[in-house]
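> Provided below are the primary sequence and the corresponding predicted coordinates.
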Amino acid sequence: GAVVSQHPSWVICKSGTSVKIECRSLDFQATTMFWYRQFPKQSLMLMATSNEGSKATYEQGVEKDKFLINHASLTLSTLTVTSAHPEDSSFYICSAREGAGEQYFGPGTRLTVT
Amino acid sequence: DAKTTQPPSMDCAEGRAANLPCNHSTISGNEYVYWYRQIHSQGPQYIIHGLKNNETNEMASLIITEDRKSSTLILPHATLRDTAVYYCIVRGIQGAQKLVFGQGTRLTINP
């Protein structure tokens, strides 16, 4: 199947700093990318959907100024958590899809804010 | 998208078939049934999907009832590596349809 990578796989940052997570589709063109967040023992929660070259659409309750999403190319999307706080510590997972095809997931990035 | 209902947990013996049920009584005619699984601390992995016919691939079989209100994912010969959370998701394919995850079924394969 198609491959989606994320970098870094884990990151620790201090409270108040910003951290960027990259998501890449390695062998297909990701016209749509999705960002999910998962807290321990919970299911994945969709944060936002982005189409290449367009602004992201955020789910209700997700702060767009705190979680900045850029999808500037067909193979790369980034999620920047601005002014991170301990409650932002979570497992962030990206997903990508080409057209109306299947949705493939990255391996996830574990963020710990101290 | 239609909502799905799954048992929160199931156990299965290694080497036996694991049958995971899913109810999706409000599914509409153009919505597919998708199954993903998530092994601990990894991203979800696509397993299989179907519309109304039964489907089989190298990982699993998907049995969809004639009225499409429920389905069963079958792992024919479960191994310890099949221990994961299994998500049944209903999704249309038009436009920007997205995958919305429920709570899933935590399947534990026992030796």
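Structure's in. What do you need? Everything numeric here is computed off the predicted structure, so don't read it as measured data.
> use CA for all of it now, contacts and neighbours both
OK.
> mind listing what the residue in chain B that chain A sits nearest to touches?
Of the residues in chain B, the one nearest chain A is residue B:43, at a distance of 4.4 Å by Cα to the nearest Cα. When the contact criterion is Cα atoms under 8 Å, 6 or more residues apart in numbering or on different chains, the partners of residue B:43 are A:93, A:105-108.
> cool, and residue B:102?
Contacts for residue B:102 were tallied using Cα under 8 Å, 6+ apart; they are A:43-44, B:4-5, B:87-89.
> Give me the secondary structure label for it.
Under the three-state scheme (DSSP: H, G, I helix; E, B strand; the rest coil), residue B:102 adopts coil.
> Can you pull the phi and psi angles for it?
The phi and psi values for residue B:102, taken as degrees, to the nearest 10, are phi -90, psi -160.
> Please determine how far it is located from residue B:90.
Computed as Cα to Cα, to the nearest Å, the residue B:102 to residue B:90 distance reads 10 Å.
> Common neighbours of these two, please.
residue B:4.
> tell me which parts of chain B are close to chain A?
Taking Cα under 8 Å from any Cα of the partner chain as the criterion, chain B approaches chain A at residues B:41-46, B:93-96, B:100-104.
> so which of those residues comes closest to residue B:12?
Here the nearest of the residues of chain B next to chain A to residue B:12, counting by Cα to Cα, is residue B:104; it sits at 16.0 Å.
> who's in contact with that closest one?
Each residue near residue B:104 by Cα under 8 Å, 6+ apart is listed here: A:43, B:6-8, B:85-88.
> can you name the two of those residues that are farthest apart?
Among these, the pair separated by the greatest distance (Cα to Cα) is A:43 and B:7, at 14.1 Å.
> the more surrounded of the two?
Neighbours per residue (other Cα atoms under 10 Å in any protein chain shown) separate residue A:43 from residue B:7, with residue A:43 holding more: 18 against 14.
> nearest residue to that one other than its sequence neighbours?
residue B:103 (5.4 Å; Cα to Cα, 6 or more residues apart in numbering or on different chains).
> Also residue A:77?
residue A:71 (4.3 Å).
> Check that neighbour and give its pLDDT.
Predicted confidence (pLDDT) at residue A:71: the value is 90.
> Residue B:68: neighbour count?
Per other Cα under 10 Å, the neighbour tally for residue B:68 reads 21.
> And for it, nearest residue in space, chain neighbours not counted?
Here the nearest residue to residue B:68 in space, its sequence neighbours aside, is residue B:52; by Cα to Cα, 6+ apart that works out to 6.5 Å.
> and what of residue B:98?
Counting by Cα to Cα, 6+ apart, residue B:91 is the residue found nearest to residue B:98 once chain neighbours are left out, at 7.0 Å.
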